[in-house]
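Enquirer: Next input, structure requested:
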Amino acid sequence: MTADDARPSRRTVLRDMAAAGAAVAVPGPVLTACSGPLETEAAPASPSPRTSPSAPGGGLTSNGYGHTDADFARARLSRDRVQQWEDGFRTAADNDDPDVFEWWYSDFTGDDGTVVSFTLSTRLDDGFVPEPGEAGRRPKAGVIITDPDGTGHGGTHTYGWSDFSSSTEHCDVRLGPFTFTGDLKTYRMRGRSGDVGVDLTLTSVVRPFRPGTGIIRFGDTDKYFGWLCVVPSGTVTGTVTVNGKQRSFTGHGYHDRNWGNRPFPCGVEHWRWGRGSVGPFSVIGADLHLREEYGSATVPVFLVDDTTTGKRLVGAYDAATVTATESAPVPHPEAAYPKDYYGTVHWNFASGDDRADCTFTDTSRLIVTRQYATRPTPAQKTALDHLGIDAIWYTRYAAGNSLTLELADAHTSGSGTGTLEAAQFGLTTAPPRGGPDAVPPGG
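Expert: Next up is the predicted model:
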């Protein structure tokens, strides 16, 4: 063994640093660390019968959010509270693996109708394509500002690893001129590129939401996908810059984050996700469908918070209590997409005497649509063929929503606004979904 061979690998060095709770910078071919303050934990969340699945004990969970004692021990997580490090650099130890991805996301809706999206990510395609290779292992920032009349500004900016750093102890991400920092309660997003910029402060009005461990393990493998809703709803103040001109911004916002070590097409068939508000209630619904080799499992989430009192009314992620139904097929704005795009998703929650229903319906206002892997590399083409995937699409619309609550703590109904997205990994091969008015994919 030579001296060079005896040196620990980048991954080994990073794993040791991550375990020690270091801040990690990625300056080119090696990863370095510097010390950072240890932040305090979030306030404990009160356990609720509408929060977690039954049978909290038992072994490890596959193809669903971990919820057993063994799952929490494996993830080194507390069952009743979210801690600062959970919003830090979760994949620092494995960042040199191209299959690994992570991003910190936030969006804001202004009182004047302006919409802002701000994301810092460690991968160009955010895990949406198989076999991304080293070429896809680059960090990027996404800043999009949409005026009330629908005019969009900004876009995606790609950087090198010398421009990136992140703490593993709390949220403190820096990429080029952009920063994303916070402590589970208050967050600041800053940065400007060209004529577009943001300087916004998000203050949460409800506690974070983690469905169990927030981690879905695929089968009996060590592959996983993670999601943490850090700020389900909050108030926002600050400024945005458009065409070089700064203007004030007030409204409400949201922050979550995702990470994983397996590209989505390898384990996920499709997902739907909606977020919105109805009066004082904020609502989040998710419905993740895994591939057949993982039991065609459905992994739902349904969250309702009272933003006036800060009380969590529903925080469910058990398929026995939450269902999501897709219906109302409509033409997709892209001709290459078959006519199986469902414009409505209905979430239903039922547990004992408690009931809640929320329906998200697309409007004519398209926020974004993107097709991935349109020019696959040979390795990607081989992987897509093996998986039986003909196309990968992501689409998000502005949506209207309606909510009905029949809970011990709330009885109400009303309508509001939000967004509804779809990620589809394979179109003609996807099984039909939805209610009686749904049609088979491509049919």
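Enquirer: Helix or strand: which one has the residue nearest to residue 410 when sequence neighbours are not counted?
Expert: The shortest distance from residue 410 to any non-neighbouring residue, by C-beta to C-beta, 6 or more residues apart in numbering, is to residue 313 (5.6 Å). All C-beta atoms are positioned from the backbone trio N, CA, C, and that covers glycine. Using DSSP states H and E, residue 313 maps to strand 311-316.
Enquirer: Which element is encountered next along the chain beyond the worst-scoring helix or strand of the chain on mean pLDDT?
Expert: Using mean pLDDT, DSSP states H and E, strand 32-34 stands out as the lowest-scoring helix or strand of the chain, at a mean of 29. Going down the chain from strand 32-34, the next helix or strand is helix 69-75, by DSSP H and E.
Enquirer: helix or strand right after that following helix?
Expert: strand 101-110.
Enquirer: Now do that following strand: which elements does it pack against?
Expert: When contacts are defined as 3 or more C-beta pairs under 8 Å, 6 or more residues apart in numbering; DSSP states H and E, strand 101-110 packs onto strand 115-121, strand 196-204, strand 224-242, strand 245-260.
Enquirer: Name the residues that touch that strand?
Expert: 87, 89-91, 115-123, 126-127, 171, 173, 180, 187, 189, 200, 202, 231, 236, 249-260, 263, 419 (C-beta atoms under 8 Å, 6 or more residues apart in numbering).
Enquirer: strands paired with it, and their directions?
Expert: strand 115-121 (antiparallel), strand 245-260 (antiparallel) (DSSP bridges).
Enquirer: quick one: contacts for residue 368?
Expert: Here residue 368 is in contact with 144, 394-396 (C-beta under 8 Å, 6+ apart).
Enquirer: The same query, at a cut-off of 7 Å, please.
Expert: residue 396 (C-beta atoms under 7 Å, 6 or more residues apart in numbering).
Enquirer: Tell me the predicted confidence for it.
Expert: Predicted confidence (pLDDT) for residue 368: 86.
Enquirer: what about residue 310, neighbour count?
Expert: Residue 310 has 12 neighbours, counted by other C-beta atoms under 10 Å.
Enquirer: quick one: it and residue 76, what's the gap?
Expert: According to C-beta to C-beta, to the nearest Å, residue 310 stands 27 Å off from residue 76.
Enquirer: do the same with residue 230
Expert: Counting by C-beta to C-beta - residue 230 and residue 76 are separated by 18 Å.
Enquirer: Mind checking which of the two has more residues around it?
Expert: Between residue 230 and residue 76, counting by other C-beta under 10 Å, residue 230 is the more crowded of the two (27 against 11).
Enquirer: tell me the contacts of the more buried one?
Expert: Per C-beta under 7 Å, 6+ apart, neighbours of residue 230: 87, 184, 208, 255-257.
Enquirer: Much appreciated, bye for now.
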